[in-house]
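A.B. asks: with the sequence up front, the predicted model follows.
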Amino acid sequence: MTSQNQAPPTDFQSYWQDLLHELASIPPAPEVEPLPIRSTDYADCYTLHLTSVGPYRIFAYLSIPHGQGPFPARCYLPRYATVVEPIPQGAPNGLRGRYVTLSVGVRGSRMANQPYTADIPGWYTEGIDDSQSYVFRGIVADCCRGLEYLVSRPEVDPSRVVAIGNDLTMIAAALTPHVTHVVCNPSLFYRSAELAPTTEFYPLEEINDYLRLHPEKKDAVHDTLNRFDLRWFAPQVSVPTLVAEAGLAGAMTGDILAPLGELLSQGEVRGSQHSAYKDGLDTEQWIARHTGFSEPVLPEHWQV
């Protein structure tokens, strides 16, 4: 097997259907507790625990606006970081007055780190030489479970559910019917086996680190990465999708990502302007427009 896979594995569909069947067989057993310290005069915040495959108990922050719903929803799927926040650091808290928000803490992340605690670097390659035990197989299930719970809430308008995050957003949108709009900043699973040798930037450098230690596992690692490649998920995503360069120096630039947009039925690819303000403003305007608002809610320091 070469590092440049041009087609999905022959069992690509069954691999993911098996995961979804496994998830469906496990009751979510939600536990919701008020979190007054994170509540405001316009939104109530809660902690949420759900059961995913394993079985494994995962965590999330849920925020629900005051007023008459149903409301559009934002589901923040995890960045490559172990800290979970009610909304991403730097985002305006006022978003919680407009949207139901769910921030999913998958296995290994803080508040979902029993019995497994993720280490970075190292999380990306945990179990990567076996596609059945690869940690991100379970993480994908965790994301699907979070979305499943989100759309079950009566406060949520199921026609306006935006998944925001890295590659996991596109994967979840392909595997579940719950997502109506996608904001995806690829950094993990687009042509990863091919691009990793061209960069020293993390997280792709973790692949290089792992293969320097275990060169005999190259074929197994590439097989696992091929099962997660966004190229094979994109044709299954039928909702408006913004693919945006993450803005960090690395291999997945706007030019590299451009062919991914062509695989999406309603895809748009944007390269980074190397400005958190400019990139963030474009994304917020896109989300507002697609969820029925004329103007986005912006951080105060962006409005100056």
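C.D. replies: Looks like it came in fine. Numbers count the residues shown, from 1 in each chain.

A.B. asks: for residue 158, which non-adjacent residue is spatially closest?
C.D. replies: residue 151 (5.0 Å; CB to CB, 6 or more residues apart in numbering). Bear in mind the C-beta positions are built from the backbone N, C-alpha and C, glycine included.

A.B. asks: same deal with residue 125?
C.D. replies: In space, and not counting its chain neighbours, residue 125 is closest to residue 210: 4.4 Å by CB to CB, 6+ apart.

A.B. asks: go on, residue 228?
C.D. replies: Per CB to CB, 6+ apart, closest to residue 228 is residue 189, 4.2 Å.

A.B. asks: identify the residues contacting that neighbour.
C.D. replies: Contact partners of residue 189, counting by CB atoms under 8 Å, 6 or more residues apart in numbering, are 167, 171, 225, 228, 229, 230.

A.B. asks: ok, the residue nearest to residue 158 touching residue 161?
C.D. replies: Yes. With contact defined as CB atoms under 8 Å, residue 151 counts as touching residue 161 (6.1 Å).

A.B. asks: common neighbours of the two, please.
C.D. replies: Common neighbours of residue 151 and residue 161 (CB under 8 Å, 6+ apart) are 73, 178.

A.B. asks: so those two - more neighbours on which side?
C.D. replies: The neighbour comparison of residue 151 against residue 161 (other CB atoms under 10 Å) goes to residue 161, with 25 against 19.

A.B. asks: and residue 256, what helix or strand is that in?
C.D. replies: Assigned by DSSP states H and E, residue 256 falls within helix 254-262.

A.B. asks: can you name every helix or strand that the lengthiest helix in the chain contacts?
C.D. replies: Counting residues, the longest helix found in the chain (DSSP state H) is helix 135-152. Contacts defined by 3 or more CB pairs under 8 Å, 6 or more residues apart in numbering; DSSP states H and E place helix 135-152 against helix 12-24, strand 43-52, strand 56-65, strand 71-76, strand 100-105, strand 156-165, helix 167-175.

A.B. asks: follow-up on the earlier one: pick out the most distant pair among the contacts of residue 189.
C.D. replies: 171 and 225 (12.9 Å; CB to CB).

A.B. asks: lovely, talk soon.
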